[in-house]
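A.B. asks: What shape does this take:
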Amino acid sequence: MSSTPPIKGTFNFVSLGCPKNTVDSERMLGLLAQDGYVPVQNPDGADLVIVNTCGFIDAARDESLSVIREMIDRKRAGQIRGVVVAGCLAERQKDLLLEEVPEVDQVIGVFGREEVVRAADRILGGLDEQRTIFNPAPIRALEDTARLRITPRHLAYLKVSEGCSRFCTFCAIPYMRGKHVTKSIESVVAEARELAADGVVELNLVAQDMTYYGVDLYGRPRLAELLRELDRVDGIRWIRILYNYPNYFTDELYEALSGCEKVIPYLDMPLQHINDRLLKMMNRRHTRAETEEIIRRLRRAMPGLVLRTTFIVGFPGETEAEFEELLDYVKETRFERLGVFPYSFEPDTPAAKLPGHIDEDVRTERRDRVMEAQQPIAFGFNASLVGRTVEVLIDAPAPAELGPGVWAGRSHADAPDVDGLVFVRDRDLRPGDLVPCEILSSEGYDLTARPVKGVSPRRRIRARPKPRKAPPASPFTILPG
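C.D. replies: The predicted structure follows:
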């Protein structure tokens with residue numbers, strides 16, 4: 001920034017939910033900072049607290065409301081002047097939120113994030129304006145440039161599209177974030193270059209429906225072309241692709257996944273179930289046979305592929321036999337990374353009207369059985385890495401109880417916040433280093449390693465000075481969903 005704006009006030013920011021929400025939080029942080037608002041780490045004494053909420057499932061809504069009520073209590077005690085609630089919960093419960101927590105000063109929907117400065121000005125200026133800002137879903141994806149990032153400096157999330165047009169019967173995302181809108185290839189690449197110039201080594205691509213990228217804007221899927229363009233961005237070393245719906249896996253995409261140097265062999269592909277009847281009831285638009293063919297081709301195209309997926313158990317009407325089919329499939333397919341969730345009743349989704357809702361204890365028991373089957377698979381995969389040399393991206397110093405000179409990092413097999421860690425002992429490391437390491441042991445979901453002797457870590461060499469000082473690694477509250 002060429003000049004420093006006058007200070008208007010201080011604010012604390014709480015970011016809840018998924019990486020897509022993190023990007024929105026970073027955009028709002030950037031807008032506030034550029035307009036003269038100063039971020040502070042502690043809410044006590046701040047002029048404002050902004051809570052960017054998650055509204056995906058019941059547990060996430062409860063967490064969001066708990067944080068909001070905590071901040072309202074601080075406001076009553078005179079510790080803060082105003083509370084802003086933004087994001088998915090605000091969008092989903094726009095008619096109820098102010099009834100439940102009437103002392104909230106401003107409510108901003110998902111697509112009102114660009115007006116967060118106006119909301120802050122209204123509160124601190126005592127202006128008598130509308131307490132709610134809800135904009136319609138845009139026909140083009142919003143730009144996410146000029147962010148004040150809250151991830152570690154060497155990794156970032158890059159949102160390539162917004163919204164979802166799938167309308168799975170269990171999911172409320174299209175009602176909160178609108179239909180799928182693609183960012184242009186040029187816009188995504190420009191953002192990637194901005195992030196690389198800010199020190200990013202690992203680029204995590206996120207969307208609600210990654211493989212649909214381009215269909216609405218260009219008339220056909222163009223994820224393969226996007227990957228090839230991002231592969232050319234100087235400074236980026238890892239490109240990780242998250243949230244791939246099992247559709248639109250074209251020959252061109254398999255070739256790009258195989259041929260792009262920086263695309264690491266890790267894919268997140270939420271499947272939700274494998275039984276054809278339940279997939280149809282979920283409106284997933286693919287079959288078991290199609291899923292199996294996609295996985296077969298992916299593993300052939302990307303040797304050493306680490307595949308992460310998620311499943312839902314206890315969906316309305318799921319029989320014991322259909323659950324057993326899923327359980328057997330998990331054992332046979334041997335996903336390296338897997339999460340499973342009991343079905344969450346969402347009253348504003350089509351699945352809520354289906355017959356045959358299953359008791360909570362049965363849903364929980366089925367989740368536990370899948371995780372019991374998956375755990376030895378995940379542990380076995382980690383054990384198979386012992387003795388091998390892998391590159392480890394250093395994230396931060398390890399917890400103090402592990403002793404001095406120990407760093408926490410991740411291999412290509414580990415996405416930020418959701419997978420395990422690799423603990424590396426070496427004093428001469430720093431965040432953002434890519435270090436060839438010999439894996440010494442596996443401890444459940446985590447690994448221990450040591451750098452390969454005689455091989456220096458790959459470090460980013462900056463070709464030009466940074467335009468501004470980077471923020472601390474994570475001065476705000478970020479709670480993953």
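
A.B. asks: Reduced to three states, what does L440 come out as?
C.D. replies: Following DSSP: H, G, I helix; E, B strand; the rest coil, L440 is assigned to strand.

A.B. asks: what's the spacing between it and V392?
C.D. replies: Remark: distance between L440 and V392 (CB to CB, to the nearest Å) = 12 Å. In short, each C-beta sits where N, CA and C put it, glycine included.

A.B. asks: between these two, which one's more packed in?
C.D. replies: V392 (28 against 14; other CB atoms under 10 Å).

A.B. asks: show me what contacts the more buried one?
C.D. replies: Going by CB atoms under 8 Å, 6 or more residues apart in numbering, V392 touches G409, R410, S411, V422, V424, L434, V435, P436, C437, A449.

A.B. asks: Mind picking the two most distant members of those residues?
C.D. replies: Among those, the pair separated by the greatest distance (CB to CB) is R410 and P436, at 14.2 Å.

A.B. asks: Between these two, which has more neighbouring residues?
C.D. replies: Legend: neighbour count by other CB under 10 Å for R410 and P436, higher for R410 (23 against 17).

A.B. asks: so the more buried one touches V390, yeah?
C.D. replies: No - using CB atoms under 8 Å, R410 is not in contact with V390, being 10.2 Å away.

A.B. asks: Now the common contact residues for those two.
C.D. replies: By CB under 8 Å, 6+ apart, the residues touching both R410 and V390 are V422.

A.B. asks: P138: which of the contacts of V392 is nearest?
C.D. replies: When these are compared for distance to P138 (CB to CB), R410 comes out closest, at 33.8 Å.

A.B. asks: Quick check: the gap between N247 and R300.
C.D. replies: 19 Å.

A.B. asks: These two: who's more crowded?
C.D. replies: Of the pair N247 and R300, N247 is the one with more neighbours under other CB under 10 Å, namely 16 against 11.

A.B. asks: looking at this, the more buried one is in a strand?
C.D. replies: No - counting by three-state DSSP, N247 is not part of a strand but coil.

A.B. asks: Report the contact partners of the residue nearest to E162 when sequence neighbours are not counted.
C.D. replies: Spatially, and ignoring its direct neighbours in sequence, E162 is nearest to A141 (4.6 Å; CB to CB, 6 or more residues apart in numbering). Contact analysis of A141 by CB under 8 Å, 6+ apart lists K159, S161, E162, V181, T182, K183, S187.

A.B. asks: With M28 instead?
C.D. replies: F13, I50, N52, A86, R113, V116.

A.B. asks: What of I7?
C.D. replies: Under the criterion of CB under 8 Å, 6+ apart, the neighbours of I7 are G36, Y37, V38.

A.B. asks: That one sits in which helix or strand?
C.D. replies: I7 is part of no helix or strand, with elements assigned from DSSP states H and E.

A.B. asks: Let me see the confidence value for it.
C.D. replies: Per-residue confidence at I7 stands at 90 (pLDDT).

A.B. asks: likewise R427?
C.D. replies: pLDDT, R427: 82.

A.B. asks: Just want to check the distance between it and P451.
C.D. replies: Note on R427: its distance to P451, by CB to CB, is 11 Å.

A.B. asks: where does I377 fall, phi/psi-wise?
C.D. replies: Main-chain dihedrals, I377, degrees, to the nearest 10: phi -70, psi -50.

A.B. asks: For it, which non-adjacent residue is spatially closest?
C.D. replies: Looking at I377 with CB to CB, 6+ apart, the closest residue is R334, at 5.2 Å.

A.B. asks: okay, now the one you found: neighbour count?
C.D. replies: Neighbour count of R334, defined by other CB under 10 Å: 13.

A.B. asks: repeat for V107
C.D. replies: Using other CB under 10 Å, V107 has 26 other residues around it.

A.B. asks: so what strands line up beside the helix or strand hosting it?
C.D. replies: Element membership for V107 (DSSP H and E) is strand 106-108. If you go by DSSP bridges, strand 106-108 pairs up with strand 82-87 (parallel), strand 132-133 (parallel).
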